[in-house]
Structure formats: C-alpha cells, structure tokens
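*Asks:* Sequence plus the predicted model coming up.
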There are 2 protein chains.
Amino acid sequence: MPQIDAARFLQDLHDLRQIGKYRTGVHRPTYSPQDMEARRWLMERLEECGLEASMDGIGNVYGRHRGPGPHLLVGSHIESQNQAGWLDGALGVVAGVALARAGLPVDVCAFADEEGHFEGGFLGSRSIIGDLTEEEIDRSRSRNDGTALRDALAAAGLAGRPRLRIEPGRHKGFFEMHIEQGTQLEGAGLRLGVVTGIVAIWQWRIVIEGQQDHAGGTTMAERRDAGLAAVRLLAAIDREFPRICGERSTWTTGRILLDPGAPSIIPGRAEVLFQFRDVSVEVLERMEAGLRALVRESNRRERCAATLTQMSRATPALCDPAMMAALDAAAERHAPGAWQRMPSGAGHDAQYIARRMPVAMLFVPSIGGISHHWAEDTKEEDLVLGCQVLADAAEAFLKG
Amino acid sequence: MPQIDAARFLQDLHDLRQIGKYRTGVHRPTYSPQDMEARRWLMERLEECGLEASMDGIGNVYGRHRGPGPHLLVGSHIESQNQAGWLDGALGVVAGVALARAGLPVDVCAFADEEGHFEGGFLGSRSIIGDLTEEEIDRSRSRNDGTALRDALAAAGLAGRPRLRIEPGRHKGFFEMHIEQGTQLEGAGLRLGVVTGIVAIWQWRIVIEGQQDHAGGTTMAERRDAGLAAVRLLAAIDREFPRICGERSTWTTGRILLDPGAPSIIPGRAEVLFQFRDVSVEVLERMEAGLRALVRESNRRERCAATLTQMSRATPALCDPAMMAALDAAAERHAPGAWQRMPSGAGHDAQYIARRMPVAMLFVPSIGGISHHWAEDTKEEDLVLGCQVLADAAEAFLKG
C-alpha cells in the first residue's frame, strides 16, 4: 500500500493557507491576485512531484503524470468563498499532490471557480468536459461586483490561452476528497464518509398573485392576500413532503418576498424560492409531482393564482460502485467502524467530471459543521486519515 | 334643516383639486409648496364664510366661528399622500366649509400631516389636543427624504408660530366626513356609512431565531429552520384567529423577511410584521391572548425561539351614540335603506380629537375601493348626499 507523507501533506495545506489568509481562514475569490498566487504556488508543487504543470484559459491548473497509465484524475478547486475556510476545495487539491508525492500515477487538477463567483459557476470542471461555451464566457459576470468574466480572465493574464479538455480514455476514474460541510459525521462520532452520489438540486420559483389592498379598509372576506396563500402552500408542503420524500431528501424555502412588504398593506404578490435535493431521480420526480399537486390544490382553494416555475433541474451524479468499494475497504482498514456511506448534499466538481468518467468522493468531518466561513476546520488526524484512505483506495482501484 | 350649496361645494372641491394636480388626483405632501398653497387657499375660503382664519405653528389651518355657541368642530386634513387622490382628507375639510357656508355654527380645521409624511404622523390633530411635544418635533424627519421636521416648518414659513389648542368646552362634538377607502359600501350597493368607531391597530414584530446552515449539508432532522417555524406559526394564526376574532376584526401579515434569503441557505432568522385591528378593546385583548398562546405553543414545539414584541397598542376611538343617531336619521331621510353602520379600518384625525370631545364620522363610497392613488374617486351625487346628510346631522345634534 502507498504511504502518504502526512507531515508534508499538512505542511502543504498550511502553506496554502497563508495565501489570502483571513483570520483563521482564507479570502481567495476566483481570479483575484490571491487566487492567482495560489494557482502559481500549486504549479510549483506539481512540478516538485514530477508532474507536468500548466494553467489553461479558464484558470484550471493541471499536473499531468509523465509516466505510463492507467491513470487517475484527483483534485478539486483552490479558490474560496469570500472570507471562507482554509480547507474546502483546497483539501482535495492538496490530497492530489500528496498522492502524486506518494508515487501514484495521478493527474492532479484544481478546477476554476467551483464556488461560483462568476455566473454559471463550476467554470473549470464544466470547461474541461467541454460543457462551457465561449458565448457563456462572453456573457458571465462576477456575482460580487459585476466584472465581466472576460475582463477578469484578462486581468489574471489568462486571455487567449487555450482551454484544456479531458483526454478520452486516459483516466480510470476521478477521486475528490472534501470536507463534509455538515454535522452528520461529527454527530455520529464518525471520521470518514464514502459519498454515494451528489444530490441534484431542483430549484423552483413560486409566484402568487393576489390583490394589494389597505389592511384597514378591506375585510377578511374581501381579501386576496398573496402572502397568506403562500403561507398556506408552504404549510401544506411541510405536511406532505415527509410522506413522499426519500430517506435523505431535503427541501428548503430560502426566500419569501411579500410585495410591497409594508405593515399595513395586504400583500398583492408573494414570491417564494423553494428547492429540493436528492440523489435519486425517482425520488426527485415524486417530489415534483407532489409539489405540482399542492400548487394545483392551492389554485383550487385560494383566491390568488399560484404559478410554479422550475429554475434548475440537474441530474444527480452517482458515484462508481467499484471506487466506493475501494474507499469502503480502505476506510474500514484504517478506521474500523468509524465511517459510513452518505450522499453529498452540496455540489462538487465531481458532479461534472462524472459525465466523462467514474467518480468517487471521500468526506472528512467539519468541526461543528461550519462551512463557507473563516472558522471552518477539521482535526489534523482526520485530514491525514482521509488522505491515506484516499491513497489506499486509489491504488486498490487502479489494480482492481 | 340647513341646505348646503351643492354647486359651490363641488366647485370648492374642484378648485382645490387644481392645486398640486397630478393626473386626475393631486400631489400635495405635507409642507410642500403645493400643500402650503392649498392651506392659503383654504384660509381665503374660511374668511369668505365669515370665519376667522389662522394657520398655526404645525400648519393647522383653523377657521373660528365668530358668533355664539354651542359650536361644532368639523374638518379633516388637506395634504395628500404622494401622487394620490383628490378627495381623501380634502373632502372632510371642504364639507366643513360647506356647513359654514350654510350658516351652521362650526369651526373648520385642516389638521396637518394626517398622512404621516413625517415620523409620528397625525401631527396636527395630536398637536391641537396637546399630545405633540417640542422634543418630538425636534426629532421627527420626513419619511420621503429625511428632511428634519423643523427645517420643513421653517421652509414653509411656520417657524416660531404658536400652536393652537382646542378651547376646552367650546365644542359639542367633532364631525369628519371621509371617503370609505374600501369596497364595502359599493359592494353592498350602499351610499353612506355611519362610522361606529376607528379601529385600533395592534402591531407586532415576531422574530424567530434558528440556525443558518447550508441547504445541502444539513439533514431535515438537524435543521433549525427559522423560516419554516415562521410559516408554521402563521399557518396556526390563520387557523385559530377566525375562532377568537370579532365580526369585523382584521389581521394582516405585511412582511416576512428570511435571513439571509438565499435559495440554498436555511434561514437562520425570520422577521414577521403582523397586526390586527378592531374597534373593541375586549376583542383586541382576546386576539392578543390568542397570539401569545400560539407563540408559546411554537416555542414548545419548535427548535427555533420565537420572540413577540408589540410595536404599537392604540386605543380604539368609539363614535358618540347621539352623533351616530343624528347621522343615521339624516342618512335614512335622504337615502332610505342605502346606508349602514360600519367601523373605520383606517386611522383618521377623529381618533385623536375623540380624546377631547365626542366625535362621529360619515363615509361615502370609494369607486372600486381605490385609495391613496391618483385614480381615487367618488360619484358627485354621493359627495353631495354625504355633505347634506352631514349638515342635517350637525344641526340635529346641536339642537338635541
């Protein structure tokens, strides 16, 4: 079995943490000077391991193994959310470096803008699988300050560079290590999560049209209160969804806007952002049918018209059974009984890479579940354990 | 019985409509040049009727009857909401002028800023009953543009003027005519509403504290979703309030704010603006008890803490039985069967004047219920009918 250099692995993580340091976390928005410094730092590390390092026209940093295959692809992303944690994607990239240092035949990639600082998001992983057009790059703007993506690429010195594509047939699979970004492992006293798949998010906008009126002059019987119709619909979802959901489904109302939103005015319009997530298309479709039925029921019962619009309908990315089995075995060897299989509720680069090759993901616990915040952290022994399990699983899967 | 000059009454209304004209309505925010022009126009009309006209330090225009009593006070307000209707308060003021023209012993007053362009609102009627301090005037600012009330008064030429107070014992009662600002009269095919009282608004803020988390990484069982707790509480209010409310009670959720309000983030905090209105303190207290019980129940059931804060707790202003009886009789004489008693769901100057003398209000229908909008209107025959009924009732009440 390969032996990772734990001290070196942790040193790499701590070195990278100094770039764009913000309190105990980092601030490295995509294509910022700090982000570009981190990408150049990574290229040096990749060359150190003997990989052939390059940066492409969307900012993907790629370290290509110079020897014969079969190869694996390993990585994640290196930019961070604003004022966010030091691990997140950086962990998966530095774990790739550690596997390369341990002599495994891996290509290591840091995909650009997984965090979606620019409209579209997942620019790097979508670009490398051929799912990002020049037209989308022309249109996309920063969600932080409106800067055009083209201008940001030019300012980062990336204008005109070609964009890398996955070499068909080169990789047997893609491994991505990541922090859990939740409390399931910590809550259950576990140290590793073998990811079964990355849930798809089906995002909806529900608009309810009523009649704006003065709250004083309008009797209850006369009202067409869009806000109240929204509350009733959301309460019905709260009652019905537990009966139709899957074991690990989630559903979330992130925003309720009442228009005009004044204390003495009956809302004439309500807008609700609602989403659900699951790894099973069958479950997602059952929840969609349930949602549509509840909206129809609202339109039969209420004097306000509800309209349902689907804003996104992704496909869940399922992890590869053989890769999961390799992770299971390695996890059980290094941490007997202290691991579980679990879906990933958050999106990851692996969901796009899964369209071109088998993928698998390994989670380590997030202390207190904190994520996308500078206080994010994971115990060093869990970081090292995860990296070693990843290395073992990579070797076993390559031999399998 | 006194006979109003219908043509002159309508001419006065249409003349006033030219001042600050906006489409078919008017734009006369408090202390604006248009508002001050309207106040000066009113002073001329008051002098024409033989009243002694003055304007005080808060902008109240007062026409004092020169003859012996007993006197009545009649009026309303003359400024408008922004780009709003031509009648609203102007109707009650011009009706007062019509009663004076008909020889009734009335003082006529246009109270400043009923519309609340400045913080505090009802400045004129609160000032004239001695319920507006110099300190509040020092603090108050325009809700439109932040101008200090002191600066607005100085710009309008009112700095340093004394403020009028009601002369104790001078008035037998106060009559205010107003448009309904609703559709109850129109919907029932009625032409007049004898107001039983002005509802009190008890305004509440409900803050629910949960735990902000990523919608992907947090299972349904782990969540402390402040938005969902708010939806459940509001749904419970929707179920319970019909069982405890009065016949004409209203309750309204005007605003729901989820923080941070993003599609993929479980809301960590929800803020709800909720109010109820009734003319009966007993009913208001029953609704308060119901609301407090539901919030306690929410705090027993939910993993989020709900806090209830009362933002305002007004006293309902009940109309005087003898004045209502005089309006009933006059209404039945001029429009047999085409009137009803009804509460006023909106606030009016009469609610403050009621603290110093008996008050009554008469409503005429709003076409389509439109109010606080330039399209606001009332049929001319209803305007004339209302003014004549007011005059008859005033005389009968004075004699009674």
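*Replies:* Done, it's in.
*Asks:* Hmm, residue A:200 is touching residue A:315, no?
*Replies:* Yes: at 5.7 Å, residue A:200 and residue A:315 qualify as touching, with contact defined as C-beta atoms under 8 Å. (Glycine included, C-beta is placed from N, CA and C.)
*Asks:* Mutual contacts of these two, please.
*Replies:* Jointly contacting residue A:200 and residue A:315 under the rule C-beta atoms under 8 Å, 6 or more residues apart in numbering or on different chains are residue A:281.
*Asks:* Of the two, which one has the most company?
*Replies:* In this view residue A:200 and residue A:315 are compared by other C-beta atoms under 10 Å in any protein chain shown, and residue A:200 has more residues nearby, 21 against 12.
*Asks:* Beta-bridge partners for that one, please?
*Replies:* With DSSP bridges as the criterion, residue A:200 is bridged to residue A:278.
*Asks:* Let me know the distance separating it from residue B:53.
*Replies:* According to C-beta to C-beta, to the nearest Å, residue A:200 stands 74 Å off from residue B:53.
*Asks:* just residue A:228 next, same as before
*Replies:* 48 Å.
*Asks:* Residue A:375 too?
*Replies:* Here the criterion is C-beta to C-beta. By it, residue A:375 lies 68 Å from residue B:53.
*Asks:* ok, now residue A:40?
*Replies:* As judged by C-beta to C-beta, residue A:40 and residue B:53 stand 81 Å apart.
*Asks:* for the most centrally placed residue in chain A, what are its contacts?
*Replies:* The centroid of chain A falls nearest to residue A:347 when counting by C-alpha atoms, centre = their mean (2.5 Å). Residues in contact with residue A:347 (C-beta under 8 Å, 6+ apart) are A:122, A:198, A:201, B:216.
*Asks:* Widest-spaced pair of the residues you listed?
*Replies:* Using C-beta to C-beta, those span at most 14.2 Å, a distance reached by A:122 and B:216.
*Asks:* how does chain A divide up, domain by domain?
*Replies:* Here the domain parsing of chain A from automatic domain parsing is A:6-199+A:316-399, A:200-313.
*Asks:* What is the neighbour count of residue A:211?
*Replies:* With other C-beta under 10 Å as criterion, residue A:211 counts 17.
*Asks:* Based on its surroundings, how many neighbours for the residue nearest to it when sequence neighbours are not counted?
*Replies:* Counting by C-beta to C-beta, 6 or more residues apart in numbering or on different chains, residue A:211 lies nearest to residue A:224, which is 4.0 Å off, once chain neighbours are set aside. By other C-beta under 10 Å, 20 other residues sit near residue A:224.
*Asks:* Verify the stated contact: residue A:224 with residue A:212.
*Replies:* No: using C-beta under 8 Å, residue A:224 is not in contact with residue A:212, being 9.0 Å away.
*Asks:* Who has more neighbours out of residue A:375 and residue B:53?
*Replies:* Legend: neighbour count by other C-beta under 10 Å for residue A:375 and residue B:53, higher for residue B:53 (19 against 13).
*Asks:* need the helices for chain A, in chain order.
*Replies:* Taking DSSP state H as the test, the helices found in chain A are A:6-17, A:33-48, A:88-101, A:123-128, A:134-139, A:149-155, A:184-188, A:226-244, A:281-301, A:321-334, A:350-353, A:380-399.
*Asks:* Show me what the fifth one is in contact with.
*Replies:* Helix A:134-139 is contacted by residues A:58, A:119-120, A:123, A:149-150, A:153 when judged by C-beta under 8 Å, 6+ apart.
*Asks:* Send me that helix as CSV with only the CA atoms.
*Replies:* Taking Å, rounded to 0.1, in the frame of the first residue of the first chain, the C-alpha atoms of helix A:134-139 are listed here in CSV:
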residue,chain,number,x,y,z
GLU,A,134,-17.2,30.8,-25.5
GLU,A,135,-20.6,32.6,-25.6
GLU,A,136,-21.3,31.8,-21.9
ILE,A,137,-17.8,33.1,-21.1
ASP,A,138,-18.7,36.3,-23.0
ARG,A,139,-21.9,36.8,-21.0
